[in-house]
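Undergrad: missing the sequence, but the structure's below:
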């Protein structure tokens, strides 16, 4: 796949995810790809898969362009971005060409970093599964997230699900989620969290203005509701995300006995990025913790990850003692819909 093809394929994905403006930007950039400038040369120098299954070069650049807008660094580009009126192709092409040259320092920084999007709507999965687990065990939670990025989904107990079948969550939520829902309502159970920690190889600190801007830059400019939702989650944030590899962190974290609590470890669209050695170490840690689990100190693993059964991602829940694996449903990658079918 060529770089230009990767941009056009990513444009199709963005369009399918209700972002026509970013799809248009990606297509206009694809038409400008040619060697000879620092940004173009850096993009062309990537090896392997340019697309989302590999280096995600289009999304790296898209985040950098949005950062130029959010920071006020490029007024001409900002004038082409929502909520401003859509420009004609010639105006957008000129603004992009200018940004790709004058904004090179920022764009090269973004090209050096993998995209990180804390999609808060994915918390619908944790809310639903959390209520299911609370109904079954009746215990407060210890939460651990692998590949947590900024850790906004560690705060899922502060968010609410407002569904046609019922309301699940606190009376004064920081964020209210309204996915297109099919299936039964999650049980109406009491949620309490006594401890929460995340792990990421390159976490973002949302209390730092630069990291907050970077997080927001990976959201798409024509989806202001996602940006507003993320800002609301940031305002309620009080979690901790450690910088480390999961293979070092998880075995220590799950080995701690926590009587009277259920330890829920979860990961959402993260497992695919773990190196084989990290996956193997985590599986070993889960097996050891599962063998030591008791009804008074159970452990659960909640996974929202891509598979070959589409659409969306599979929701899988494993509980110990017992090691029972349940398919809980499927969910859109951005949490727009959720098909809840717990076994």
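TA: Yes, it's here. From a predicted model like this one, the values you see are computed outputs, not experimental measurements.

Undergrad: so the closest residue to residue 268 other than its chain neighbours, which state does it fall into?
TA: Leaving aside its sequence neighbours, residue 268 sits nearest to residue 304 (CB to CB, 6 or more residues apart in numbering; 4.2 Å). For glycine as for every other residue, the C-beta is placed from the backbone atoms N, C-alpha and C. Three-state call for residue 304 (DSSP: H, G, I helix; E, B strand; the rest coil): strand.

Undergrad: what residues does residue 304 make contact with?
TA: Applying CB atoms under 8 Å, 6 or more residues apart in numbering to residue 304 gives the contacts 122, 125, 266-269, 313-315, 331.

Undergrad: now do 7 Å
TA: Neighbouring residues of residue 304 by CB atoms under 7 Å, 6 or more residues apart in numbering: 122, 125, 268-269, 313, 315, 331.

Undergrad: pull out the buried positions in stretch 319-335.
TA: By neighbour count on 16 or more other CB atoms under 10 Å, the buried set for stretch 319-335 is 319-320, 328-335.

Undergrad: among the contacts of residue 304, which one has the lowest pLDDT?
TA: When the contacts of residue 304 are compared on pLDDT, residue 269 comes out lowest, with 89.

Undergrad: thinking again about what came up before, ok, so of the buried residues of stretch 319-335, who is nearest residue 156?
TA: residue 335 (11.3 Å; CB to CB).

Undergrad: show me where this protein has strands.
TA: Here the chain has its strands, by DSSP state E, at 141-146, 159-163, 166-168, 175-177, 180-182, 193-200, 241-243, 262-268, 299-306, 313-320, 324-331, 337-340.

Undergrad: including distance to residue 108, could these go into JSON lines?
TA: Formatted as JSON lines, these follow (distance: least, CB to CB, whole Å):
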{"stretch": "strand 141-146", "distance to residue 108": "29"}
{"stretch": "strand 159-163", "distance to residue 108": "36"}
{"stretch": "strand 166-168", "distance to residue 108": "44"}
{"stretch": "strand 175-177", "distance to residue 108": "34"}
{"stretch": "strand 180-182", "distance to residue 108": "39"}
{"stretch": "strand 193-200", "distance to residue 108": "23"}
{"stretch": "strand 241-243", "distance to residue 108": "23"}
{"stretch": "strand 262-268", "distance to residue 108": "29"}
{"stretch": "strand 299-306", "distance to residue 108": "29"}
{"stretch": "strand 313-320", "distance to residue 108": "32"}
{"stretch": "strand 324-331", "distance to residue 108": "35"}
{"stretch": "strand 337-340", "distance to residue 108": "37"}
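
Undergrad: ok, what's across the strand from residue 302?
TA: According to DSSP bridges, the residues that bridge with residue 302 are residue 266, residue 317.

Undergrad: count of residues packed around it?
TA: Residue 302 has 23 neighbouring residues, counting by other CB atoms under 10 Å.

Undergrad: distance of it relative to residue 101?
TA: 45 Å (CB to CB, to the nearest Å).

Undergrad: repeat for residue 300
TA: Distance from residue 300 to residue 101, by CB to CB: 51 Å.

Undergrad: ok, residue 245 next?
TA: For residue 245 relative to residue 101 (CB to CB), the value is 37 Å.

Undergrad: can you pick out the residue with more neighbours from these two?
TA: residue 245 (16 against 13).

Undergrad: about what we covered before: which one of the buried residues of stretch 319-335 is nearest to residue 24?
TA: Residue 24 lies nearest to residue 334 out of the buried residues of stretch 319-335, by CB to CB, at 18.8 Å.

Undergrad: touching, the closest one and residue 120? I think so.
TA: No. The pair residue 334 and residue 120 fails to qualify as a contact (CB atoms under 7 Å) at a distance of 9.8 Å.

Undergrad: not counting its neighbours along the chain, what's nearest residue 140?
TA: residue 192 (3.9 Å).

Undergrad: neighbours of the residue lying closest to residue 160 once chain neighbours are set aside, how many?
TA: Closest residue in space to residue 160, ignoring its immediate chain neighbours: residue 169 at 2.7 Å, by CB to CB, 6+ apart. If you count neighbours by other CB under 10 Å, residue 169 ends up with 22.
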